[in-house]
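Asks: Show me the folded form of this:
(2 chains)
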Amino acid sequence: MSSLSLFLVVLLTGIALVIAGLGMALLLAPTSFNLQKGEPYECGIPTKGTSWMQFKVGYYLYAILYLMFDVEAIFLFPWATIVRELGVQGLYSILFFIIILALGLAYAWKKGVLKWN
Amino acid sequence: MILNYSQPLEISNLSAWLDTTLRSNLSEFWTLLIEFVLVGVLLLAAYAVIALVLIYVERKITAFFQARFGPNRVGQYGLLQSLADMIKILLKEIIHINKVDKFLFYAAPFFMVGASMMTFGAIAFGKGLQAVDFNIGVLYVTAVSSLGIIGVLLAGWSSNNKYSMIGAMRSGAQFVSYELSAGFALMTIVVLSGTMQFSEMIHKQEYCWNIFNGHISSIIAFFIYLISGHAETNRGPFDLPEAESELTAGYHTEYSGLQFGFFYLAEYLNMFIIASIATAVFLGGWMPIQIKGWEAFNQIMNYIPSYVWFFSKTGVLIFFSLWVRWSFPRLRIDQLLNLEWKYLLPINLVNLLVMVILVLTGLTLTDLFPSWF
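Replies: You can find the predicted model right below:
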């Protein structure tokens, strides 16, 4: 049994769980109609306007920073696996890579990206 | 005298027997089909049972932390409480909200449960008890577990509710930040053990767990992983996305009935998954405590089935997670992000380099004392 086919089995199991659960709930659960039921949840008063609007930009800055480091992680994982065989040369070559990325973080820090206001 | 018996309760014996029996009686296709279905059913059963047990255990332990009784009405000591809750949640109406983005609203639970199930499949519960064992296991786990956040963002966005929106945004920022730390902490251990495959990594920890093997660096990585894992599951002092006194229920405010149940389930399972990956990577997974040279001692330890070892190690970590949860006040969002970006991530980068130096200069315990480990 290869891991890939088992991976598909696991994925299908997860999807089947949700489908089976929702199907069972549809069969078993009672339903009733009420005009107020479909309203968005709010503390007693009707919600004003839509919630699909522009949101605080601070969150996106973190997302962009994350992207930078996440791609770095993808590059580092294969290196980490064979670092024993690469020896000191592997350390030197990755050191520059990490330093450049750390400089990126330091730059963002200096520019005030990490400051929440 | 060296005792030499194998543990009869080990599941790998049973699965090997089943495999040979099926193969001798049926064709290749049917064997594989039956085995795939069995794997699926067993995973589903384990998923549900572990969630039920965890919910009960968490409520009970929480109650003790707060000097209350906790569930004690349904069954002896309230043991059947979470089962009763599950039946109840199944019988609750799934309310259809008017203004939601229908497709995304119904797609969100699939992402949540799918992501946690895919990660769940990669856990080694015991000897031979692992469904998905890629040679890039660690990378696979970090990759698929982060799919869950798509579910959270979809749920918050599609609900068309301000609470949900704020909750989802907080959760997104928090998750992606701490995902990095978790990944780097795991990478530190990949440097140490030289493999990303979970089964191989566990085998290499036979006499010396990774947390001891890389001493300083490993312990730092372990704590960083626990902190960031805890934050990833939106629990404890990091429960901003839900923060019930501020945001009702956060991103799943609009969900009802079993749809809510799926979010709840995935969240509990994520706690278990984080603890079990920490067990596999740092604490030797299902490996019993063994000391090189003490054959009799090792035999006795081996007589305890591997899944018992796995679940007890994981249980200890889950208990720690609960302890943290009820001991610290909730952080503010800026404190939370500062903790990650200004402390954990720089520490992590330095720690990774320290680990490389330890490995290359032969300062790990297995290199220092090859006769002991």
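Asks: going forward, measure contacts between C-alpha atoms and count neighbours the same way
Replies: Noted.
Asks: Tell me where the stretch 201-350 of chain B has helices.
Replies: In the stretch 201-350 of chain B, the helices defined using DSSP state H, counting those that start in this stretch lie at B:210-213, B:215-232, B:244-247, B:257-282, B:295-303, B:306-325, B:333-338, B:345-360.
Asks: mind giving me a markdown table with those helices and columns for mean pLDDT, distance to residue A:78 and mean neighbour count?
Replies: Output for those, formatted as a markdown table (pLDDT from 0 to 100; distance: least, CA to CA, whole Å; neighbours: other CA atoms under 10 Å in any protein chain shown):
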| stretch | mean pLDDT | distance to residue A:78 | mean neighbour count |
| --- | --- | --- | --- |
| helix B:210-213 | 85 | 19 | 22 |
| helix B:215-232 | 90 | 19 | 23 |
| helix B:244-247 | 68 | 41 | 12 |
| helix B:257-282 | 89 | 17 | 23 |
| helix B:295-303 | 81 | 34 | 16 |
| helix B:306-325 | 90 | 28 | 19 |
| helix B:333-338 | 83 | 28 | 16 |
| helix B:345-360 | 89 | 14 | 20 |
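Asks: now those helices as CSV including distance to chain A?
Replies: As requested, the helices of the stretch 201-350 of chain B are arranged in CSV below (distance: least, CA to the nearest CA, whole Å):
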stretch, distance to chain A
helix B:210-213, 15
helix B:215-232, 14
helix B:244-247, 10
helix B:257-282, 7
helix B:295-303, 27
helix B:306-325, 20
helix B:333-338, 6
helix B:345-360, 6
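Asks: Quick one: closest of these to residue A:100.
Replies: helix B:345-360 (11.9 Å; CA to CA).
Asks: The helix or strand following the closest one - contacts with which helices or strands?
Replies: Once helix B:345-360 ends, the next helix or strand along the chain (criterion: DSSP states H and E) is helix B:365-368. Helices and strands touching helix B:365-368, by 3 or more CA pairs under 8 Å, 6 or more residues apart in numbering or on different chains; DSSP states H and E, are helix B:210-213.
Asks: try 10 Å this time
Replies: helix B:210-213, helix B:345-360 (3 or more CA pairs under 10 Å, 6 or more residues apart in numbering or on different chains; DSSP states H and E).
Asks: Can you list the buried residues in it?
Replies: B:365, B:366 (16 or more other CA atoms under 10 Å in any protein chain shown).
Asks: Mind listing residues that contact that helix?
Replies: B:207-210, B:212-215, B:358-359, B:361-362, B:372-373 (CA atoms under 10 Å, 6 or more residues apart in numbering or on different chains).
Asks: Repeat the analysis, applying 8 Å as the threshold.
Replies: B:208, B:212, B:213, B:214, B:215, B:362, B:372, B:373 (CA atoms under 8 Å, 6 or more residues apart in numbering or on different chains).
Asks: Point out the residues in the stretch 1-150 of chain B that sit beside chain A.
Replies: Residues of the stretch 1-150 of chain B found near chain A (CA under 8 Å from any CA of the partner chain) are B:32, B:36-37, B:39-41, B:43-44, B:90-99, B:109-110, B:113-115, B:117-118, B:121, B:131-134, B:139.
Asks: Would you mind giving the helices and strands packed on helix B:365-368 as TSV with distance to residue B:219 added?
Replies: What follows is the helices and strands packed on helix B:365-368, written out as TSV (distance: least, CA to CA, whole Å):
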stretch	distance to residue B:219
helix B:210-213	6
helix B:345-360	10
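Asks: just for the stretch 1-150 of chain B, where's the confidence low?
Replies: The model of the stretch 1-150 of chain B has pLDDT under 70 over residues B:1-8.
Asks: now do 50
Replies: Applying pLDDT under 50 to the stretch 1-150 of chain B picks out residues B:1-3.
Asks: Identify the residue spatially nearest to residue 22, adjacent ones excluded.
Replies: Since no chain was named, I'll use chain A. Excluding the flanking residues, the one nearest residue A:22 by CA to CA, 6 or more residues apart in numbering or on different chains is residue B:258, at 6.7 Å.
Asks: you looked at the wrong chain, it should be chain B
Replies: Residue B:22's closest residue in space is residue B:31 (CA to CA, 6+ apart), at 5.7 Å.
Asks: State the number of residues packed around the nearest residue to residue B:194 once chain neighbours are set aside.
Replies: Nearest residue to residue B:194, sequence neighbours excluded (CA to CA, 6+ apart): residue A:81, at 4.6 Å. Using other CA atoms under 10 Å in any protein chain shown, residue A:81 has 21 neighbouring residues.
Asks: Next: residue A:10.
Replies: 28.
Asks: For residue B:116, which three-state class applies?
Replies: helix (DSSP: H, G, I helix; E, B strand; the rest coil).
Asks: before we move on, what about the one 10 residues further on?
Replies: When classified by three-state DSSP, residue B:126 comes out as coil.
Asks: Spatially central, which residue of chain B would that be?
Replies: Closest to where the C-alpha atoms of chain B average out (CA atoms, centre = their mean) is residue B:273, at 1.0 Å.
Asks: I figured it hits residue B:121, correct?
Replies: No: in terms of CA atoms under 8 Å, residue B:273 does not count as a neighbour of residue B:121; the distance is 9.8 Å.
Asks: excluding its backbone neighbours, what's nearest residue A:21?
Replies: residue B:258 (7.2 Å).
Asks: show me the contacts for the one you found.
Replies: A:21, A:22, A:25, B:89, B:90, B:92, B:94.
Asks: mind redoing it with 7 Å?
Replies: A:22, A:25, B:89, B:90, B:94 (CA atoms under 7 Å, 6 or more residues apart in numbering or on different chains).
Asks: So which of these sit within helices?
Replies: Of the contacts of residue B:258, the ones assigned to helices by DSSP state H are A:22, A:25, B:89, B:90.
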